[in-house]
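In: coordinates only, sequence not included:
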DNA sequence: TCCTGGCACTCGGTAGACTTGAGTGCCAGG
DNA sequence: CCTGGCACTCAAGTCTACCGAGTGCCAGGA
């Protein structure tokens, strides 16, 4: 089996290359077992695993090498070994395919997409629930950012004599609103006309064009148009931080036994902006995984993140992510993220009105 | 000190009345100390507490009575006592005033309300953060339900040839939208006219009137009007479950040391509908407190909930709630909920356009 | 040259015995 | 009716011994 070429250079020197086949098999066995049991894995367990056909003594000597190279660690002498982040990384990169969902889970996904309907936000929200149920990890879904969306309609609606509502519909189906306090009462007519003025100059353009709306000459209307400028600029700023949905945070309490860890990870999930940038950083091309400190957020050092892009026709529509312990079930998590991400992407592509 | 009248009927028989003054003082001391330390409180600690000027032996015999009457329990013989839910209840009802925020916290609240601005949703969202920071418990804010809101504007906007967006503005400033898939292409003009038809018959009425919109006779427009009916009915159903904001769930991990408890409580907080009905059930009149199983949700048996209403001009605009362990700092939590609820209510009252 | 079975060793975890000390219940005296 | 005193209880901490999973190393065999 083992190609004889392996013998010439001792495997140790080829640190970053594929481990010699046997070591890889041993590493795989350790990772798989540890993911399942959460307990340090001893050489005899590995020797019994299928895929490894050597004695425990041989396994031990290989484990020494794997430890020296940083793939495994011993919590203490006379205990089994645990994979390091590097070990998990090798496992993810070389030892596992994205994996396939079990039939029951596949059915769950199918049913979900058969049944889900309605607004994009609702769909994304519910998708987090699906993902966290499939995997029993916490799930995150980030929807499309609006930065390329253009304005489709602008309307001013009076709420009370001194209060109006600016309602902006974007080409991707998002609706944003801002209340505007008026310093003087405005007629229904003036509100409608100011909406029309804004519409006339914004429809088809991005929101940032709001500053350049020319005035109409009618003082009452222009007063409203000017009052709408500031809200517009706020809109611009807040729009991309929208559309973050977190599902199944309670699952985190299952994944970690240290309360302190649960707390700090929950703390991260509360900060939407951090979540968005985290996903953005992790996502390189296609399905991506960040293990331990690879993403640079210390509070998540004991976590792994699996991210799949949401795309349709090559357009970036967001991302779905799973957050679990570093000893997460990578094949399953990757499969779930991949499948859900793909199908959700299709849906968004057909629903959001872009072409 | 003690009125002699107390002697005639032994205090035991008057279970539900005010405990004799000394017992109340002892109960208060136990609750206060236990809230602070989370450890069973012994008689000598109580004897040293100010407000109690008797020896520990006397305290002990009173504690026996308090235990018999169900206000205290011993985790085991030869340990101090812990308040029961009934004990906390008595404490909340008779031994503490809503309390006043410390100067630093008062400042925090003031600054918050000076600085917060913009949409109601944003404000409610951020208020959960304020509340959980003030108290270090999880916070919940439920915004106004729309059930009395009337329609202010209806608009149909085309997104793509076969996709339109129904945008409804309500009198309370809420904006709801639903995408509508069309079976046949619709002109901009027809969309606008269908919006006008819907507007004409709905503005000023509640959403439920959508079924009675008369048709205009123009087939293209009527097709759109009919297509909008179903989305409207969905709107009706989903509107009140909106506007639930949860803040600081990570604090729960601080409050409880049992991971299992954290998990189940987080699970509850994930279900918006449950949260809303919980608050609604707990809220009686003004500031309300539910301790342990008083609210009937088993997973929250080790929790206490403090709820304050959001009102303006006597109108119900929602509620703010705090969720913590039964040994929460009631005075502080009640003060925070009260103050924030009150000021938030004022804000909503002045901003939401109702009169 | 590499694998394997055997063997001595390590060390975390568990169980039992003992100690400590906070806290109790009870009682007799003021 | 309160109080100080006293004997008692029992969770938690400490110490010890032991067990066993697991290791590293080595000599013999393929």
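Out: Happy to help now that I have it. Computed from a prediction, not measured in an experiment: that's the story for all the values here.
In: The residue nearest to residue A:218 when sequence neighbours are not counted sits in which helix or strand?
Out: Once flanking residues are discounted, residue A:218 sits nearest to residue A:193: 7.1 Å by C-beta to C-beta, 6 or more residues apart in numbering or on different chains. The way it works is simple: take the backbone N, C-alpha and C, and place the C-beta from them, glycine included. Per DSSP states H and E: residue A:193 is located in helix A:188-202.
In: mean confidence for that helix?
Out: Helix A:188-202 shows an average pLDDT of 92 in the prediction.
In: Just the endpoints, please. Distance across stretch A:256-275?
Out: Counting by C-alpha to C-alpha, to the nearest Å, the length from the leading to the trailing residue of stretch A:256-275 is 19 Å.
In: and if you look at stretch A:303-321?
Out: End-to-end for stretch A:303-321, by C-alpha to C-alpha: 12 Å.
In: tell me the SS of residue A:166?
Out: strand (DSSP: H, G, I helix; E, B strand; the rest coil).
In: Which positions within the helix holding residue A:193 qualify as buried?
Out: By neighbour count with 16 or more other C-beta atoms under 10 Å in any protein chain shown, helix A:188-202 contains the buried residues A:190, A:191, A:192, A:193, A:194, A:195, A:197, A:198, A:199, A:201, A:202.
In: and chain A, which residues reach DNA strand D?
Out: Within reach of DNA strand D by C-beta under 7 Å from any atom of the strand, chain A has these residues: A:40-45, A:56-57, A:60-61, A:63-64, A:67, A:74, A:77-81.
In: Listing request: residues of the stretch 1-150 of chain A with sub-threshold pLDDT.
Out: Along the stretch 1-150 of chain A, the model assigns pLDDT under 70 to residues A:1-18.
In: show me what contacts the residue in it that DNA strand D sits nearest to?
Out: With C-beta to the nearest atom of the strand, the shortest gap between the stretch 1-150 of chain A and DNA strand D falls at residue A:42, namely 2.6 Å. Residue A:42 is in contact with A:56, A:79, A:80, A:81, counting by C-beta atoms under 8 Å, 6 or more residues apart in numbering or on different chains.
In: any idea how far the third one is from residue A:63?
Out: Between residue A:80 and residue A:63 the computed distance is 9 Å (C-beta to C-beta, to the nearest Å).
In: For whichever helix in chain A runs longest, give the mean pLDDT please.
Out: Criterion DSSP state H: the longest helix present in chain A is helix A:330-351. If you average the pLDDT over helix A:330-351, you get 92.
In: which non-adjacent residue is nearest the residue in the stretch 151-300 of chain A positioned nearest to DNA strand D?
Out: The nearest approach of the stretch 151-300 of chain A to DNA strand D comes at residue A:259, 17.4 Å away (C-beta to the nearest atom of the strand). Spatial nearest neighbour of residue A:259, chain neighbours left out: residue B:253 (5.3 Å); criterion: C-beta to C-beta, 6+ apart.
In: OK, contacts around the residue lying closest to residue A:97 once chain neighbours are set aside?
Out: Nearest residue to residue A:97, sequence neighbours excluded (C-beta to C-beta, 6+ apart): residue A:331, at 7.2 Å. For residue A:331, the contact set (C-beta under 8 Å, 6+ apart) comprises A:96, A:97, A:98, A:99.
In: still on that earlier bit, a markdown table for the contacts of residue A:42, including distance to chain B and secondary structure?
Out: Converted to a markdown table, the contacts of residue A:42 look like this (distance: C-beta to the nearest C-beta, whole Å; DSSP: H, G, I helix; E, B strand; the rest coil):
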| residue | distance to chain B | secondary structure |
| --- | --- | --- |
| A:56 | 35 | helix |
| A:79 | 24 | coil |
| A:80 | 24 | coil |
| A:81 | 26 | strand |
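In: and the closest residue to DNA strand C within the stretch 101-250 of chain A, how many neighbours?
Out: Nearest residue of the stretch 101-250 of chain A to DNA strand C, counting by C-beta to the nearest atom of the strand: residue A:136, 25.2 Å away. By other C-beta atoms under 10 Å in any protein chain shown, the residues close to residue A:136 number 18.
In: Now do the closest residue to it other than its chain neighbours, the pLDDT please.
Out: Nearest residue to residue A:136, sequence neighbours excluded (C-beta to C-beta, 6+ apart): residue A:251, at 5.4 Å. On pLDDT, residue A:251 comes in at 94.
In: wait, doesn't residue A:251 sit right on residue A:137?
Out: Yes. Using C-beta atoms under 8 Å, residue A:251 is in contact with residue A:137, at 5.6 Å.
In: Among these two, which residue is more densely surrounded?
Out: More crowded of residue A:251 and residue A:137, by other C-beta under 10 Å: residue A:137, with 30 against 22.
In: List the contacts of the more buried one.
Out: A:131, A:248, A:251, A:252, A:255, A:322, A:323, A:324, A:328, A:333.
In: now swap in residue A:41 and tell me
Out: Neighbouring residues of residue A:41 by C-beta under 8 Å, 6+ apart: A:29, A:30, A:33, A:34, A:80, A:81, A:82.
In: neighbour-wise, which of those residues leads?
Out: residue A:30 (29 neighbours).
In: Just list what the helix holding residue A:193 packs against, helices and strands only.
Out: When contacts are defined as 3 or more C-beta pairs under 8 Å, 6 or more residues apart in numbering or on different chains; DSSP states H and E, helix A:188-202 packs onto strand A:151-160, helix A:219-238.
In: so for the first one, what's the average pLDDT?
Out: This means strand A:151-160. According to the model, strand A:151-160 has a mean pLDDT of 92.
In: Pull up the distance across stretch A:203-212, start to finish.
Out: Termini of stretch A:203-212 sit 13 Å apart (C-alpha to C-alpha).
In: mind listing what's buried in it?
Out: A:206, A:207, A:210.
In: Pick the one among the residues you listed closest to residue B:288.
Out: residue A:207 (43.5 Å; C-beta to C-beta).
In: nearest residue to the closest one other than its sequence neighbours?
Out: residue A:236 (5.1 Å).
In: Show the contacting residues for that neighbour.
Out: A:207, A:208, A:210.
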